[in-house]
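Q: fold the following.
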Amino acid sequence: MDYELSKVMEAVGPNAGLVFASWMFMQLLQGRYTAAFTRYRELISDFRHGIEGKRKDTVRDQIALYRERVDYMRRALDLGLYAAMLLIGTLIIAALSAMFGAPAFLKYLGTLTTLAGLAAIIWSAALVVAENRLIKLPLDHEMEDIPELRALASRPRSGHKASNALGGGK
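A: From the prediction side, this is the model:
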């Protein structure tokens, strides 16, 4: 077997950035998953220790929402991992192609792993968008059990108006 390492590096090197980008995306996914899971566990702990009145209903609703968020982010994280593995597989296939020539099956396999990896990233990102929409619901309901703040929950969001409503503005 006669090949040049420089050919392997030419095949793999420029494309490694795609793998690194997918790993950075994985960090985002892991952070969001961890945050949602931590908040979910905190809400359950609060509920177990006893909450009374309207707050109990609010926390119960938030537990259900955070459970859904955790599920979305777990699926997104799984897809992100599969995407990273597929894209690393593409790099391995590119290196093998550089070493052994480019047999047709390696070209097709490399194309398949690239497209599947990119599709998994898009699917994962779509789950993050869906999970992000769920974040708005607990924000809207968080103040409902506090009579003095209930009106703010339905008000349009503007830092200046909220500050004025809470006595922070002139």
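
Q: who does the helix or strand harbouring residue 127 touch, helix- and strand-wise?
A: With secondary structure defined by DSSP states H and E, residue 127 is part of helix 104-141. Contacting helix 104-141 under the criterion 3 or more Cβ pairs under 8 Å, 6 or more residues apart in numbering; DSSP states H and E are the following elements: helix 16-48, helix 54-100. Any C-beta I mention is one placed from the backbone N, CA and C, and that applies to glycine too.

Q: in it, which residues are buried?
A: 106, 109-110, 113-114, 116-118, 120-121, 124-125, 127-128, 131, 138, 141 (16 or more other Cβ atoms under 10 Å).

Q: now the angle from it to helix 16-48?
A: 30 degrees (axes from the mean of the first three to the mean of the last three Cα atoms, to 10 degrees).

Q: got the CA coordinates for stretch 72-87 in PDB?
A: Output of stretch 72-87 as PDB, limited to C-alpha atoms (Å, rounded to 0.1, in the frame of the first residue of the first chain):
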ATOM      1  CA  TYR A  72     -37.000  17.500  23.900                       C
ATOM      2  CA  MET A  73     -33.400  18.200  24.900                       C
ATOM      3  CA  ARG A  74     -32.600  14.600  25.600                       C
ATOM      4  CA  ARG A  75     -33.700  13.700  22.000                       C
ATOM      5  CA  ALA A  76     -31.800  16.700  20.600                       C
ATOM      6  CA  LEU A  77     -28.700  15.600  22.500                       C
ATOM      7  CA  ASP A  78     -29.000  12.100  21.200                       C
ATOM      8  CA  LEU A  79     -29.400  13.300  17.600                       C
ATOM      9  CA  GLY A  80     -26.500  15.600  18.100                       C
ATOM     10  CA  LEU A  81     -24.300  12.700  19.200                       C
ATOM     11  CA  TYR A  82     -25.400  10.600  16.200                       C
ATOM     12  CA  ALA A  83     -24.600  13.500  13.900                       C
ATOM     13  CA  ALA A  84     -21.200  13.900  15.400                       C
ATOM     14  CA  MET A  85     -20.500  10.200  15.000                       C
ATOM     15  CA  LEU A  86     -21.700  10.200  11.400                       C
ATOM     16  CA  LEU A  87     -19.500  13.300  10.600                       C
END
